[in-house]
Structures are given as structure tokens and as C-alpha cells.
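> Have a look at this fold, sequence not included:
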């Protein structure tokens, strides 16, 4: 490992890493931001990780309060129930009150939030570049 000493060496290493990453082809496909293992919502198993992931995904679309996602509450609450129903209604999906792995609600959420997350990541990379200069 190279030492981090010298003026600009960290910035140079970061820039070199970005160039190598941009030049190398991606070998594995990008996984979707929301990948449920079990159903979430009414009459579903409601696994803790899946509940939290669904709350985060719904917050990206404005269907769950962002301040509630930071609490990492593992339970299905009224906000999640209303947010899920509202999302399904707003996007013309079956208004069933739950999301299943690979189902239409999970698929539509991923279609919507994937570009949003990528844009946020690019904005973060742009900000990091300006911070290094």
C-alpha cells in the first residue's frame, strides 16, 4: 500500500481509482435497490430487513416520511400501510396493501428509485471531486 504522504497524493489516488473503474467493464449486473426476501404488508411475514428496505424505497418516492426511515423501526406501521397503498394507487398497481419479492410493486419501485439513487450517487461524486480541488 502506498503511503498517504505528499501534497495531493490522496486526491491523485482517488482520481486514479475513478479512471480505472470507468475504464474497466462492469462484470456483474447492478442489483436492484429493493430486493425483498419475503412479502411486506398486510398478512405477510414482514421480515425486519424487508420492512426497513420497503420504508426506505417508499421514502424515495415520497410515500413514506423520510424522518421515520432514520428511526429504523422494524414494524409495519400505519405510515407504511398508507404509503404502500398510496404508491400502488398512484402508479396504477393492484391495490392489495402488500409487496412481494419480484412482484409488480417491488418491480415498479425499483424502476422509479434506481435512477434517483444513481443521480444522487453521481452528485455525491461530483461534490467529492470539487472538495478535493
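Alright, I've got the coordinates. This one's a predicted model, so the numbers in the text were calculated from it and none came from an experiment. Numbering: from 1, shown residues only.

> what about the helices in this structure?
Shown for the chain, the helices assigned by DSSP state H span residues 9-23, 48-60, 66-69, 78-90, 104-132.

> Looking at those, which one is packed in the most?
helix 48-60 (a mean of 21; mean count of other Cβ atoms under 10 Å). In short, each C-beta sits where N, CA and C put it, glycine included.

> Let me see the mean pLDDT of that helix.
Average pLDDT, helix 48-60: 94.

> Repeat that for stretch 109-117.
94.

> What are the contacting residues of that stretch?
32-34, 54, 57-58, 60-61, 87, 91, 99 (Cβ atoms under 8 Å, 6 or more residues apart in numbering).

> make it 6 Å
For stretch 109-117, the surrounding residues in contact (Cβ atoms under 6 Å, 6 or more residues apart in numbering) are 32-34, 57, 60-61.

> May I ask which two of those are separated the most?
Of all pairs drawn from the contacts of stretch 109-117, the greatest distance, 14.5 Å, lies between 32 and 61 (Cβ to Cβ).

> closest one to residue 38 among the helices of the chain?
That would be, of the helices of the chain and by Cβ to Cβ, helix 48-60, which comes in at 5.6 Å.

> From the chain's centroid, how far away is the closest one?
9 Å (Cα atoms, centre = their mean, to the nearest Å).

> ditto for stretch 46-55
13 Å.

> which residues are in contact with it?
34, 36-38, 40, 64, 69, 72, 74, 76, 80, 99.

> Using pLDDT, spot the least trustworthy of those.
Pick the lowest pLDDT in these and you get residue 72, at 68.

> returning to that earlier point: for the buried ones among the contacts of stretch 46-55, write the corresponding ChimeraX selection.
In ChimeraX syntax, the buried subset of these is picked out as below (16 or more other Cβ atoms under 10 Å):
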select :34,36,40,64,69,76,80,99
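
> Brilliant, that's me finished.
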